[in-house]
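S.K.: Sequence first, predicted coordinates after that:
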Amino acid sequence: MRLRALAAALGVLGPLLAGLRSEGAGGGHWAFEPLGRVEPPVPRAAGWARTPPDRWVLEALERAGLGPSPEAGRVAWLRRVHLDLVGLPPDPEAIEAFVRDPRPDAHERVVESLLQSPAHGERWGQHWLDVVRYADTHGFEVNTERPHAWPYRDYVIDAFNRDTPFGRFVGEQLAGDQLGRDAATGFLVTASVLLPGQIGADDVSKRLARQDALDEIVVNTSQAFLGLSIGCARCHDHKFDPITARDYYGMQAFFAGVEYGDRELGDPEAQARRAGIARGRERLGVLGNELARLEPAARPTPATGGAAGGGPLRPAVKARGNSDRFAPVVARRVRFTVLETNSLEPCLDELEVWDTGSRNVALASAGTTASSTGDTTVENRHELRFLNDGRYGNSRSWMSGEKGRGQVVLEFPEPRRIERVSWARDREGEFSDRLATAYRIEVDTGSGRWETVADASDRRRFEGANPVSDDLEALLPAMEAADRQRARALLDERRRIERTIAEAVARQQAFAGVFRKPDRIHLLRRGDPEQPAEEVAPSVPTALGGSLRLETGAPEAVRRRALADWLARPEQALVARVIVNRVWQGHFGTGLVDTPNDFGRTGGRPSHPGLLEWLARELVDQGGSLKHLHRIIVLSATYRQASDHRPAPAARDAEARLLWRFPPRRLESEAMRDAMLAVSGELDRQRGGRGFDLFDQRGGLSGFKPVESFPAGGLRRMIYAHKVRREPEAVFGAFDCPDAGQSTARRRESTTPIQALNLWNSRFTLERSRAFARRVRLEAGADPRAQVRRAFACALGRQPSPDEEAEALRVMPTRDGAGRPGPDGPDSPDGPPGHGLEALARALLNSNEFLHLP
């Protein structure tokens, strides 16, 4: 029996190996050969084929003495293509419409609608993030948060939705700062890194840490785009592939000016957001003046106890913003004196002065100059010029040179009629130290003498001053009805604008690399930074053509752009082969090459060499469109096969590498969670932005306590979760979810007891089961039989069989002949999911049929 099985295997592999030998003729490794142009074969049963890939698949099956499986039913295909292209199951109405659609292009219409859905990028973006090991923390022992990593995640999703040509996609991730897609260079710094405070103070430790950081960039680039382990040549020539140590350091030299860190974005989208922020802040100034006029007149009041004379108390200062209104006055200068802070030297992120026309006349762009009694200067972070530059946040602020005190003066180019001063420690809300807790505001009307207009030196409100605070709500009952209505409308508008500004400000920075003058790169003996040999110029491996070599003194931006252009060339065969293989793997679970990150000599050989070559050529000919590949694949007869087991072909090809059936597989952890939320009716479709929390902290040494019951913001798609590196999610992490420690080009599919325990007993599942039951009651009414049928339709896309329906009804509450609740009583909407409709919902969400691609 073993000999017969071996002979059968050789019969299948022999022609494939012969094909590989012919493709590799010329002495080179097959993956390094120039891209060929091949015509699809003409198998005997060619009528079965729907798209060109089918002819390659059918030819291989015929050579092996096998045949394809029958076509899957319409419901199975629709569920499969929905989960595959967007990661969410179709709803019952979409299934019914498709089943009844008689048009010959019904399948094409479904595919097109899915490819145009924003959910497509969320699904396929996750595949790419696995490859590049994206996470929202730095990793290693300290594992601190990367608060601005997520713009790269959003870029990837958007790129897949836009169908960005793949060559452009490659280029943007290496040099997006030069191509109008700033956040894309987050690719360069997705890996773990040691922060400056985590590296030894000695130069030896610093040099080693720098080499480790550069190595991660080389590894990421070579694996993701070239499918090669170039990083293996860091210490010596590659043991298997024709990659030398000099090749490795030549690649490293392209990135010699890249540092891990946040960068302020400057692409067109960021500039548009910046303009929107400015308009919003201008409007806030107008609102502030209007609100100030509505606030009741104030008299001097103590900071504690009752208000003197019945006047309201002065609100406490706030780090995010304070405003003092006074009687309009014509002034040439304004002086802001800090008398006391809550700690250290005072810091102001922006000092604004508003005229009676609600214009900020303090801006440097309006001709106003700033001076101070002393500064603490940190270049490009704390400088006097940032006091009135119109930009908020600690990263562009003024800091005094004296602990607990400081003074600044704004001088206008001409007298201004002003009535309000606004200031803050950090309007972005990140810092609350160095806050002025006692201060004085004075004006010079032109006489040269300072006159006080607002005094918080003893925490008393100065006569005539009237700070506009977030506590204005407390004053509403004392207002006249018309003023109260107007104040509420203004406050609501202010909150909306503040939220919009906060969201826009959060998008102005990205952990996308900081670029500086490149280091001089040397070939290091045994990879040791303390054993440098000759200097190495930026260059690509000789085995890959070696046609790109720059001067050792090439500028930083030129280096990355040159490598990006070289990788994105249409004739770059290896890049095309690697990405089409990843796309094929995304649809069938295994790529034509089953080692997607290793196309070298020790990697897998393609199961269908001609098909791999044809797909790569097709990608190039179609301008790098990945959506074009998706259409060809999901509309193929190969993809439309049933997934049923067949003993005879399984005996010869157990893993279905020859695709005699559609290979069934379990959903990935993210798709499981998303599908449960979709079916329960709770999925929050909000896209982009800062990730929601899976744990009680967003970074740190250890002790991550999982969130068990998620608020509404935590019911978004899992790709939008804040991903803590090397910390598995409590429920779905057990389903082989990558921890972002290393590139995950292909997910394992293990089966363990903890998976079943997590999915059955977790609070997440119990809450989804209750929500699913509520949805079914709302849509199906009170009849148990209708509820069972609706639950099956929502979860599995079909009606239950008679046996399934009878079994499900056993756990439902009994009803009398008139349809009224029987002696067991109604099914409790809020009861535990151990009985009734909740129990059925829980069982369906745990079923293999729900958790697997059909």
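M.R.: Perfect, I can see it now. Numbering: from 1, shown residues only.
S.K.: Excluding residues flanking it in the chain, which one is nearest residue 750?
M.R.: In space, residue 750 comes closest to residue 736 once its chain neighbours are excluded; the distance is 5.7 Å by C-beta to C-beta, 6 or more residues apart in numbering. In this view, the C-beta of every residue, glycine as well, is placed from N, C-alpha and C.
S.K.: Relative to residue 219, how far out is the one you found?
M.R.: Computed as C-beta to C-beta, to the nearest Å, the residue 736 to residue 219 distance reads 22 Å.
S.K.: more neighbours, the two?
M.R.: Ranked by neighbour count (other C-beta atoms under 10 Å), residue 736 and residue 219 place residue 219 first, with 22 against 18.
S.K.: where are the low-confidence patches of the stretch 151-300 of the chain?
M.R.: 292-300 (pLDDT under 70).
S.K.: all helices for it, in order.
M.R.: Using DSSP state H, counting those that start in this stretch, the helices of the stretch 151-300 of the chain run over 166-175, 203-221, 245-253, 268-294.
S.K.: same deal with the stretch 401-550 of the chain?
M.R.: Counting by DSSP H, counting those that start in this stretch, residue ranges of the helices within the stretch 401-550 of the chain are 481-506.
S.K.: for the stretch 601-750 of the chain, same thing?
M.R.: Ranges of helices within the stretch 601-750 of the chain are 609-621, 626-634, 647-652, 669-680, based on DSSP H, counting those that start in this stretch.
S.K.: Mind putting these into TSV with mean pLDDT?
M.R.: Output for those, formatted as TSV (pLDDT from 0 to 100):
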stretch	mean pLDDT
helix 609-621	97
helix 626-634	98
helix 647-652	96
helix 669-680	98
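S.K.: quick one, which of these is packed in tightest?
M.R.: For those, the largest average neighbour count (mean count of other C-beta atoms under 10 Å) is found in helix 669-680, namely a mean of 24.
S.K.: which residues are contacting it?
M.R.: Here helix 669-680 makes contact (C-beta atoms under 8 Å, 6 or more residues apart in numbering) with 83, 87-89, 123, 126, 667, 683-684, 715, 717-719, 729, 731-737, 759, 764-765, 768-769, 771-772, 775, 794-795, 841, 845, 850-851.
S.K.: Spatially nearest residue to the residue nearest the centre of the chain (excluding sequence neighbours)?
M.R.: Computing the C-alpha centroid of the chain and ranking residues by C-alpha atoms, centre = their mean puts residue 153 first, at 2.7 Å. With C-beta to C-beta, 6+ apart as the criterion, residue 153 has its nearest non-adjacent residue at 6.0 Å, and that residue is residue 134.
S.K.: that older thread, the residue nearest to residue 750 contacts residue 751, correct?
M.R.: No. Between residue 736 and residue 751 there is no contact under C-beta atoms under 8 Å: 9.9 Å.
S.K.: first vs last residue of stretch 356-368, how far apart are they?
M.R.: With C-alpha to C-alpha, to the nearest Å as the measure, stretch 356-368 spans 17 Å from end to end.
S.K.: what does it contact?
M.R.: Contacts for stretch 356-368 (C-beta under 8 Å, 6+ apart): 281-282, 285-286, 288-289, 328, 334, 351-355, 370, 385, 388-390, 410-413, 416-419.
S.K.: from these, which would you call buried?
M.R.: 281, 285, 288-289, 334, 351-355, 370, 388-390, 410, 412, 416, 418-419 (16 or more other C-beta atoms under 10 Å).
S.K.: Low-confidence stretches in the stretch 701-850 of the chain?
M.R.: The stretch 701-850 of the chain contains residues with pLDDT under 70 at 814-834.
S.K.: which SS state does residue 839 fall under?
M.R.: What DSSP: H, G, I helix; E, B strand; the rest coil gives for residue 839 is helix.
S.K.: That one - nearest residue in space that isn't next to it in sequence?
M.R.: Nearest to residue 839 is residue 811, by C-beta to C-beta, 6+ apart, at 4.9 Å.
S.K.: what about that neighbour, how many neighbours?
M.R.: Burial measure for residue 811: 17 neighbouring residues, criterion other C-beta under 10 Å.
S.K.: Verify the stated contact: it with residue 836.
M.R.: Yes. Counting by C-beta under 8 Å, residue 836 is a contact partner of residue 811 at 6.3 Å.
S.K.: Settle this for me: residue 34 is touching residue 572, isn't it.
M.R.: No. Here residue 34 lies out of contact with residue 572, judged by C-beta under 8 Å, at a distance of 9.9 Å.
S.K.: For those two, indicate the residue with more neighbours.
M.R.: The neighbour comparison of residue 34 against residue 572 (other C-beta under 10 Å) goes to residue 572, with 22 against 11.
S.K.: circling back: quick check: the residue nearest to residue 750 vs residue 752, distance?
M.R.: Computed with C-beta to C-beta, the distance linking residue 736 and residue 752 is 9 Å.
S.K.: just residue 385 next, same as before
M.R.: Distance from residue 385 to residue 752, by C-beta to C-beta: 59 Å.
S.K.: Return the residues in contact with the closest residue in space to residue 430 that isn't next to it in sequence.
M.R.: If the residues on either side of it in the chain are set aside, residue 430 comes closest to residue 394, at 6.0 Å by C-beta to C-beta, 6+ apart. Counting by C-beta under 8 Å, 6+ apart, residue 394 touches 347, 349, 381, 425, 426, 428, 430, 431.
S.K.: Okay, the nearest residue to the last one once chain neighbours are set aside and residue 621: tell me how far apart.
M.R.: Distances taken as C-beta to C-beta, 6+ apart put residue 394 closest to residue 431, at 4.9 Å, once the chain neighbours are dropped. In this structure, residue 394 and residue 621 are separated by 51 Å, where distance is defined by C-beta to C-beta.
S.K.: One more: residue 233?
M.R.: Residue 233 is 33 Å from residue 621, where distance means C-beta to C-beta.
S.K.: ok, now which ones touch residue 601?
M.R.: Neighbours of residue 601 in contact, by C-beta under 8 Å, 6+ apart: 29, 240, 241.
S.K.: are any of those buried, and which?
M.R.: Buried by 16+ other C-beta under 10 Å: 29, 241, out of those.
S.K.: Return the member of the contacts of residue 601 nearest to residue 612.
M.R.: The nearest member of the contacts of residue 601 to residue 612, counting by C-beta to C-beta, is residue 29 at 14.0 Å.
S.K.: any idea how far residue 244 is from the closest one?
M.R.: According to C-beta to C-beta, residue 29 stands 15 Å off from residue 244.
S.K.: Next: residue 146.
M.R.: If you go by C-beta to C-beta, the gap between residue 146 and residue 244 works out to 34 Å.
S.K.: Around the closest residue to residue 141 other than its chain neighbours, how many other residues sit close by?
M.R.: Counting by C-beta to C-beta, 6+ apart, residue 141 lies nearest to residue 701, which is 6.6 Å off, once chain neighbours are set aside. Neighbourhood size, residue 701 [other C-beta under 10 Å]: 10.
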